[in-house]
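Asker: fold the following and give me the result.
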Amino acid sequence: MRIPTATYRIQFHSEFNFVQAKEIINYLADLSISDLYASPIFKARQGSTHGYDVVDPTILNPELGTEEDFEKLSEEIKKYQLGWLQDIVPNHMAYDSHNLWLMDVLENGKDSEFFDFFDINWNQPYEEMQGRVLAPLLGDFYGNCLERGELKLNYDATGLSISYYGLRLPVRIESYLTFIIRNLGKLARKIGRQHPDFIKFLGILYLLKNIPEETKGKERYDQLNFVKSLLWETYTQNPEVEEFIQNNLQEFNGEVDNSESFNLLDNLLSEQFYRLSFWKVGAEEINYRRFFTVNELISVKVEEAKVFQTTHELIERFVKEKKFTGVRIDHIDGLYDPSEYLIRLREKLGNVYITVEKILELTEDLPQHWQIEGTSGYEFLNYVNGIFCCPENEKEFTKIYTRFTDLTDAYQDLVYEKKGLILERNLAGDLENLAQILKRIAAQTRAGSDFTLYGLKQALFELLALFPVYRTYIDADGIGEIDEKYVNETIKAAKKKAPLLVNEFNFIHKVLLLEYEDFRSQTQREEWLHFVMRSQQLTGPLMAKGVEDTLLYVYNRLLSLNEVGGNPSHFGISLDLFHQFNHNKVNNWLHGMNATATHDTKRGEDVRARINVLSEIPQEWEQQVNQWREMNRVHQQNGIPDANDEYFFYQTLLGAFPFEESDLADFPDRIKDYILKAVREAKVHTAWLRPDEEYEAAFFSFIDKVLDPKESNFWQQFRPFQKQIAEYGIYNSLSQVLIKNTAPGVPDLYQGAELWELSLVDPDNRRPVDYQKRREFLQEIKEKSEQNIEQLLKELIETKENGKIKLFLTHQLLKARKEYLEIFQNGNYQPIEITGKYQNHIIAFARNYGDQTLVAIAPRFLTTIIKPGQLPLGVDVWEDTSLILPNKTWHNLINNQTITGENLVVGEILQNFSVGLLVG
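Answerer: Predicted coordinates:
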């Protein structure tokens, strides 16, 4: 297996395609990156900026270039001996007109050859939805869209279709009868009943009426294509027929301000295998599984063997051709049976590097039997971030937050509340579907016959809202010890929360643990297992939407902790816990990824590094934020923003404020875009489902005035404090870079983050990257390193705001990873004992393999050690702080200095650079 030395994540889209990626491969090689890590590159929805909305996984995305462009990029990667780690999307596809498999299902229903490809519940209890799938893709109520003439019946060579702006859905063949017989007498009178084209029409009608139900597969498709081609031929060759069809189209499409004129189209739409509706309907009446709560992403039944084979065909081909050397699985928790999927994937792809996108709670681990190398690194991100948050100040920070906002709710109570909110508003339809399955199971015996749908739904609500992790992995092989523990704990908590539902909880408990009675039939046992596996598919989206996309925009005590996979109730992480995490990684997931910024993160890695500084200085932070509040009160309208949103706003400003003056021009607009997303995700004053334009407009006005030096004196108070935080944040960032590249795992660098990464959540973190600037910086660094590294280090520190210092450190560490590859890919992990005055301010660990040892040294919590403007360098700063190491000659790979002895003084190691990497 080819294990990456270091990966570099690229976000492909039409503005950064295969040709442009080829141009930076030599730069990545110079940087000592080993593997390109690519966002999805298969055909996606038109204009996609991320690639996760796939419409055809069997071909490359034409918006990224031609097959020739892809081949040239692949050749360039091989030329520089890089690998290619590919992000793949097995869980879902776009609900889009260009998704031809889905369009075939919408046209042919159960007769479609792709009928089993999508996760659709065709047997809804509501009569109007029997045999139909919801299409919640309209921007307004269905009736309004219809009577405004926004829904149109069209005809072309492909047949009849319904269009709604850019959306185009097919019309089932049976509905052609409804359309053709309309005004057919007029056509007969005009061209005569004996006219060959009218006889063709009668033939078409006969064929439409007499397609045998038993006709399936290719034979049925042939018949349908014959009917369509015959109709199109008549339409294109006879002007009277063309006029007849165009007149019918006009009549079906109605007249605005005449509601009765839309009855024909309304009736035709009621015959389709889909039901068009307002997008908000999807929250409550959904009958297909989505990606989280995104109506436009419909889930794929990859557990079906033919679906797996078809959707992974091109991936397998590129692996065999050695174009892909590894894959990253998007949203593994969305799959019906992740374990089975990973077994199939390993069989199909062979011995390639495989990681999964998986959110883990602080002490949670991956299933040990998964044949993968680890995760894509969110848990590492939160561990490494946590050791830069000062836990001693948690109580004080909580008091500051409470005093500023008057909010006193405990974090765990908020988790329950926000997950409950999502279940009520966004996932109500998914909860209903799950309850329907449970009701069927309950009705199978006398013991469960009196359980009502309402009671079962309430019990499920409590269990789902209280579930402590993203998901369990119970399957046909049974239930593991850890999963059983999660189920038992949740049932116990639910009984305490809702004691009146104890009988329902006892029943559900048995079902979740698959404790079948002997008399259960095989069919009933399968339905129990299906319920369990379905429920497991819902806990992940609920956690994501309730916590990551709601609570993390509400609980704003310290925003650096509000990250994907994070838990901000943990105010910092102890070094002991961090070391335990790394020991576990060595023992179990040595080649999992180490990320500090990804396409999903809510703020850039250096934004978090800055905000963490606040955890060290609670009193100064409270003084500043209260001054800003008083100063800016004049800019508020009707108390907007509220105190919690204002607290969020000031932390965001401190974290994301640019170093470069040239980046200030678009900063207010970037902040407003981010704030809009944040307040809607918070769902307190406004939301995506119910926008409050008054609140949003008043908040925007507040931001404009606060960020305008002509309108406000805020800058005079803000800038000195911001510069102070940014300076300390730089040292946090450099320490973070060192740890990411030396701790167990494969370091992953997000595009552009080799310089300061001060972006916010997507799409802000997908802005163009200036690679020419980075290329020039790297060339300069390499040349000066060879000439006079001490002088270079001095220059880098003096100009640290431009980011060269981070690029230099990244390059030095990546070079070291290549040179000492055996240590990093196979070495163990050992914390280093530290003595002296500032022992709690140093993170140090060793990586050993054979007779070689590397030691990483990184400082933290510098606000109590150095004053603003002072450098964290030298013995005068670190005094007697020392590392207990064997008596050897040590070489510092960062600054090329040599140190001899044992009990090495930190100040000597960090003589002219803030971090060190020693090789003995």
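
Asker: going forward, measure contacts and count neighbours with C-alpha atoms only.
Answerer: Will do.

Asker: nearest residue to Q736 other than its sequence neighbours?
Answerer: V384 (7.0 Å; Cα to Cα, 6 or more residues apart in numbering).

Asker: what is the burial count for the one you found?
Answerer: 23 (other Cα atoms under 10 Å).

Asker: helices or strands next to the helix or strand hosting it in the packing?
Answerer: In this structure, V384 sits in helix 378-386 according to DSSP states H and E. Packing contacts for helix 378-386, counted by 3 or more Cα pairs under 8 Å, 6 or more residues apart in numbering; DSSP states H and E, involve strand 593-595, helix 714-742.

Asker: return the most buried member of these.
Answerer: Comparing the helices and strands packed on helix 378-386 by mean neighbour count (mean count of other Cα atoms under 10 Å), strand 593-595 comes out on top with a mean of 27.

Asker: name the strands paired with that one and say parallel or antiparallel.
Answerer: strand 746-750 (parallel) (DSSP bridges).

Asker: for V554, which of the helices and strands packed on helix 378-386 is the nearest?
Answerer: Within the helices and strands packed on helix 378-386, the stretch nearest V554 is helix 714-742; the backing value is 23.3 Å (Cα to Cα).

Asker: and that closest one, how far out from the chain middle?
Answerer: Its chain's C-alpha centre and that of helix 714-742 lie 26 Å apart, by Cα atoms, centre = their mean, to the nearest Å.

Asker: contacts only, for the residue nearest to T49 when sequence neighbours are not counted.
Answerer: Ranked by Cα to Cα, 6+ apart and with sequence neighbours excluded, the top spatial neighbour of T49 is H13, at 5.1 Å. Counting by Cα atoms under 8 Å, 6 or more residues apart in numbering, H13 makes contact with 47-51, 63-64.

Asker: filter the residues you listed down to the ones in strands?
Answerer: Among these, no member is found in strands (DSSP state E).

Asker: and which of those is nearest to R189?
Answerer: Distance to R189, by Cα to Cα, is smallest for G47 among the contacts of H13, at 48.1 Å.

Asker: around that closest one, how many other residues sit close by?
Answerer: That count, for G47 with other Cα under 10 Å as the rule, works out to 11.

Asker: repeat that for T178.
Answerer: 13.

Asker: so what pLDDT did the closest residue to it other than its chain neighbours get?
Answerer: Nearest non-adjacent residue to T178, counting by Cα to Cα, 6+ apart: L268, 7.3 Å away. What the model reports as pLDDT for L268 is 97.

Asker: hang on, L268 in a helix?
Answerer: Yes. Counting by DSSP: H, G, I helix; E, B strand; the rest coil, L268 is part of a helix.

Asker: what about it, distance to I173?
Answerer: Computed as Cα to Cα, to the nearest Å, the L268 to I173 distance reads 11 Å.

Asker: and what of Q852?
Answerer: In this view, Q852 and I173 are 72 Å apart by Cα to Cα.

Asker: in terms of neighbours, single out the busier of these two.
Answerer: Per other Cα under 10 Å, whichever of Q852 and I173 has more neighbours is I173, with 19 against 13.

Asker: is it true that the more buried one touches L207?
Answerer: No. Using Cα atoms under 8 Å as the test, I173 is too far from L207 to be in contact (10.6 Å).

Asker: got any residues that touch both of these two?
Answerer: Residues touching both I173 and L207 (Cα under 8 Å, 6+ apart): none.

Asker: residues contacting the spatially most central residue of the chain?
Answerer: Centroid-nearest residue in the chain: D600, 4.7 Å away (criterion: Cα atoms, centre = their mean). Shown in contact with D600 (Cα under 8 Å, 6+ apart): 564, 761-762.

Asker: and if you look at F861?
Answerer: 388, 390, 613, 616, 841.

Asker: ok, the contacts of H13 vs L707, which is closest?
Answerer: L707 lies nearest to T49 out of the contacts of H13, by Cα to Cα, at 29.4 Å.

Asker: what does the model give that closest one for pLDDT?
Answerer: T49 carries a pLDDT value of 94.

Asker: could you pull up phi and psi at it?
Answerer: With angles defined as degrees, to the nearest 10, T49 sits at phi -100, psi 0.

Asker: isn't it right up against F12?
Answerer: Yes. Contact criterion Cα under 8 Å: T49 and F12 qualify, at 7.4 Å.

Asker: picking up where we left off before, the residue nearest to Q736 and F581, how far apart?
Answerer: Remark: distance between V384 and F581 (Cα to Cα) = 10 Å.

Asker: before we move on, what about V679?
Answerer: If you go by Cα to Cα, the gap between V679 and F581 works out to 34 Å.

Asker: what about the two, which has more around it?
Answerer: More neighbours surround V679 than the other of V679 and F581, with 24 against 18 (other Cα under 10 Å).

Asker: return the residues in contact with the nearest residue to that one once chain neighbours are set aside.
Answerer: Distances taken as Cα to Cα, 6+ apart place T686 nearest to V679, at 6.4 Å, with adjacent residues excluded. T686 is in contact with 679-680, 692-693, 695-696, counting by Cα under 8 Å, 6+ apart.

Asker: doesn't T686 lie inside a helix?
Answerer: No. In this structure, T686 is coil, not part of a helix, as judged by three-state DSSP.

Asker: confidence score at it?
Answerer: With respect to pLDDT, T686 has a value of 96.

Asker: now do N713
Answerer: Note on N713: pLDDT of 87.

Asker: one more: the one 5 residues further on?
Answerer: F718 is assigned a pLDDT of 95 by the prediction.

Asker: could you do E214 as well?
Answerer: With respect to pLDDT, E214 scores 67.

Asker: for K301, the count of nearby residues, please.
Answerer: Residue neighbour count, defined by other Cα under 10 Å, stands at 21 for K301.

Asker: so it is in contact with T310, correct?
Answerer: No. The criterion here is Cα under 8 Å, and K301 misses it with T310 at 11.4 Å.

Asker: quick one: the residue nearest to the centre of the chain is in a strand?
Answerer: No. According to three-state DSSP, D600 belongs to no strand; its state is coil.

Asker: ok, it to Y454 distance?
Answerer: To Y454, D600 is 37 Å away according to Cα to Cα.

Asker: same thing with K585?
Answerer: Using Cα to Cα, one obtains 45 Å as the distance from K585 to Y454.
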